[in-house]
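**Student:** Need coordinates for the following:
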Amino acid sequence: MITLKFKTNINCSNCLKSVGPFLNEISGISWSVDTTVSDKILKVEGENPDKNKIILAVEDAGFDIEALKNV
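**Tutor:** Numbers count the residues shown, from 1 in each chain. Next up is the predicted model:
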């Protein structure tokens, strides 16, 4: 399982509802954003998640996203 992390401006439950359909279209991943912390990190897990598809999906939903160095 590979985990990718991204800094976003997804900051509330309505934002999650807005971005959800875009991220849910990407097969083979699960995702979450902890909106209770100030960094608003999007965490994506999957066998082989495509960083570019994730970035495009979040941008298409109208949000900012920046890939973080993943451990």
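**Student:** rest of the way, CA atoms for contacts and neighbours
**Tutor:** Will do.
**Student:** doesn't Lys43 make contact with Val33?
**Tutor:** Yes. The pair Val33 and Lys43 passes the contact test of C-alpha atoms under 8 Å, sitting 6.3 Å apart.
**Student:** So which of those two has more stuff around it?
**Tutor:** Counting neighbours by other C-alpha atoms under 10 Å for Val33 and for Lys43 shows that Val33 has the greater number, 21 against 15.
**Student:** The more buried one pairs with what?
**Tutor:** Partner residues in beta bridges with Val33, using DSSP bridges, are Leu42.
**Student:** what's the answer for Leu4, then?
**Tutor:** Counting by DSSP bridges, Leu4 forms beta bridges with Val44.
**Student:** Just give the number of residues close to it.
**Tutor:** Leu4 sits with 21 neighbouring residues when counted by other C-alpha under 10 Å.
**Student:** hey, where'd the strands end up in this protein?
**Tutor:** 2-8, 29-33, 41-46, 65-67 (DSSP state E).
**Student:** wait, which of those strands is closest to Glu59?
**Tutor:** Taking C-alpha to C-alpha, strand 65-67 is the member of those nearest to Glu59, at 6.9 Å.
**Student:** As JSON lines, the strands of the chain with distance to Asn14 would be great.
**Tutor:** Conversion of these to JSON lines gives the following (distance: least, C-alpha to C-alpha, whole Å):
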{"stretch": "strand 2-8", "distance to Asn14": "14"}
{"stretch": "strand 29-33", "distance to Asn14": "12"}
{"stretch": "strand 41-46", "distance to Asn14": "15"}
{"stretch": "strand 65-67", "distance to Asn14": "17"}
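**Student:** Tell me which of the ones you listed sits nearest to Pro21.
**Tutor:** Ranking these by their distance to Pro21 (criterion: C-alpha to C-alpha) puts strand 29-33 first, at 11.7 Å.
**Student:** Do you know the pLDDT at Asp39?
**Tutor:** Reading off the confidence values, Asp39 has pLDDT 85.
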